[in-house]
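# based on what follows, work out the 3D shape:
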Amino acid sequence: MRVDVYNLSREKVGEVELADAVYNAKVKLHLMHEVVRAQRASKRSGTASTRERSAVSGGGKKPYRQKGTGRARQGSRRAPNYVGGGTVFGPHPRSYAIRPPRKVRRGALASALSLRAQEQRLLVVESFELEDIGTKRLAQILATLEIEGGLLVDAKANEKLRLSARNLRDHDFLPPEGLNVYDVLRHRSLVMTKDAALAVERALTRVQGEAS
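Residues are numbered from 1 along each chain as shown. I've put the predicted structure just below:
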């Protein structure tokens with residue numbers, strides 16, 4: 001597929017040819033669902049913890065004698081039926097991380113990129129070089145590009161763009177190697193430099209070639 005390339009004034013300056021397998025693939029919702037679910041699960045802290053009866057203090061003495069009281073026998077005040085006793089089957093620290101197969105992760109990312117392209121929410125710019133670090137200036141550029149809630153993708157070395165975008169509430173910056181399904185889908189628009197778009201294409205097509 002051929003995609004128009006713009007400058008920061010939203011003037012068309014050329015075209016770039018992108019692989020159909022990455023930017024014009026069939027959108028597979030089930031793959032995106034699986035990967036987003038895995039990403040969100042991996043962010044869970046998993047620190048919930050309870051104490052079983054062996055970890056509760058006290059209970060060294062039998063509460064009352066075994067027979068003759070008319071009450072049910074009890075061996076320790078650490079039992080779950082006592083207030084302050086141990087918890088039965090309570091949560092313990094654990095990891096919720098899920099890691100889908102690599103082929104699934106790559107297919108989900110291609111689906112997310114293709115979805116944004118089909119919705120005409122993918123904008124490719126020639127470059128994203130800023131003269132200085134400035135949030136206000138970047139906000140003006142994004143307004144000119146007609147971008148609302150955009151994910152900005154450029155090389156990691158573009159520190160001016162990264163630092164300028166970090167205080168924008170609805171926009172985020174990611175390098176090509178950090179691009180992921182969840183961040184693509186949670187932003188309304190995707191803005192990529194031409195070099196970043198080609199870098200993502202090379203990474204995904206290389207993996208697909210290895211898999212085949």
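# please name the nearest non-neighbouring residue to Val5.
With CB to CB, 6 or more residues apart in numbering as the criterion, Val5 has its nearest non-adjacent residue at 4.6 Å, and that residue is Gly14. Where C-beta positions appear, they are placed from N, C-alpha and C, glycine not excepted.
# element containing that neighbour, please.
Counting by DSSP states H and E, the element that carries Gly14 is strand 12-17.
# and that strand, what does it pack against?
strand 2-6, helix 194-211 (3 or more CB pairs under 8 Å, 6 or more residues apart in numbering; DSSP states H and E).
# mind putting those in TSV, distance to Ala21 and mean neighbour count included?
TSV is the format used below for the helices and strands packed on strand 12-17 (distance: least, CB to CB, whole Å; neighbours: other CB atoms under 10 Å):
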stretch	distance to Ala21	mean neighbour count
strand 2-6	14	15
helix 194-211	6	17
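# Ala72 is nearest to which of those?
Ala72 sits nearest to helix 194-211 of all the helices and strands packed on strand 12-17, at 62.8 Å, using CB to CB.
# how much space between the residue sitting furthest away from the middle of the chain and Val5?
Going by CA atoms, centre = their mean, the residue of the chain most distant from its centre is Gly68, 62.7 Å out. With the distance defined as CB to CB, to the nearest Å, Gly68 ends up 91 Å from Val5.
# residue contacts, the residue nearest the centre of the chain?
The residue at the geometric middle of the chain, judged as the C-alpha nearest the mean C-alpha position with CA atoms, centre = their mean, is Tyr182 (4.2 Å). The contact partners of Tyr182, taken as CB atoms under 8 Å, 6 or more residues apart in numbering, are 35-36, 39-40.
# just the ones in helices from those, please.
Among the contacts of Tyr182, the members falling in helices (DSSP state H) are 35-36, 39-40.
# one step back: pull the number of nearby residues for the residue nearest to Val5.
By the criterion of other CB atoms under 10 Å, Gly14 has 12 neighbours.
# keeping just the C-alphas, turn the strand holding Gly14 into PDB.
Once non-C-alpha atoms are left out, strand 12-17 reads as follows in PDB (Å, rounded to 0.1, in the frame of the first residue of the first chain):
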ATOM      1  CA  LYS A  12       2.000  16.500   1.400                       C
ATOM      2  CA  VAL A  13       5.600  16.000   0.600                       C
ATOM      3  CA  GLY A  14       5.700  12.500  -0.900                       C
ATOM      4  CA  GLU A  15       4.600   8.900  -0.500                       C
ATOM      5  CA  VAL A  16       6.000   5.800   1.100                       C
ATOM      6  CA  GLU A  17       5.200   2.200   0.200                       C
END
